[in-house]
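Peer 1: Sequence and computational prediction follow.
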Amino acid sequence: MPTPIDAGTLSYVADRIAIDDLLTRYTTAVDLERWELFDTVFLPDAVIDYTSAGGIRGGPDDIRDWLIRALEPFPVRQHLLGNKEVRIDGDTASVRAYFFNPLMMTGSDGASRFLPGGGYYHHRLVRTPDGWRSAELVEEEVWRDGLPDDLEIPT
């Protein structure tokens, strides 16, 4: 954690705002299928790991293609980010952000199903000429309620 002196500097505050904006771009991209935003979150060689939620691990292109398929059953999604622990060390940073991710899907019977879940996003960030970018994202899904037994998650 920064010392109280570091935390009050304009550069530290600017970095925190930029990192918060990066996290918001990520959730907006996924929730609204704004893939042009997704491409501004990650370095080209980033590693993204969704295995704790039954997903895959891969690079941004593979993950984007997988998300397009995996999110198809969930027309309503809305990430909410809460507590954020941000550690900035020069041109690198680490983030642990709590997430709440309520999903909604339509079951085979036509009824809507609410599927809330939560956990943590662990980002390893790098400052680039274009701003902060994620070199690694590990999703740590801690809980999810209501997933149907017959839901097939693509691999």
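Peer 2: Everything's here; your move. All values reported here derive from a predicted model rather than from experimental measurement.

Peer 1: Do me a favour and get the end-to-end distance for stretch 33-48?
Peer 2: Terminal residues of stretch 33-48 lie 17 Å apart, using Cα to Cα, to the nearest Å.

Peer 1: for the longest strand anywhere in the chain, packing partners?
Peer 2: What stands out as the longest strand in the chain, according to DSSP state E, is strand 131-144. Counting contacts by 3 or more Cβ pairs under 8 Å, 6 or more residues apart in numbering; DSSP states H and E, strand 131-144 packs against helix 10-32, strand 42-49, strand 117-128. For glycine as for every other residue, the C-beta is placed from the backbone atoms N, C-alpha and C.

Peer 1: Just list what the shortest one packs against, helices and strands only.
Peer 2: Helices and strands touching strand 42-49, by 3+ Cβ pairs under 8 Å, 6+ apart, are strand 57-58, helix 60-70, strand 131-144.

Peer 1: what's the spacing between residue 137 and residue 61?
Peer 2: 14 Å (Cβ to Cβ, to the nearest Å).

Peer 1: neighbour-wise, which of the two wins?
Peer 2: Each of residue 137 and residue 61 has its neighbours counted (other Cβ atoms under 10 Å); residue 137 has more, 21 against 11.

Peer 1: ok, that one touching residue 99?
Peer 2: No. In this structure, residue 137 is not within contact of residue 99 by Cβ atoms under 8 Å, at 11.4 Å.
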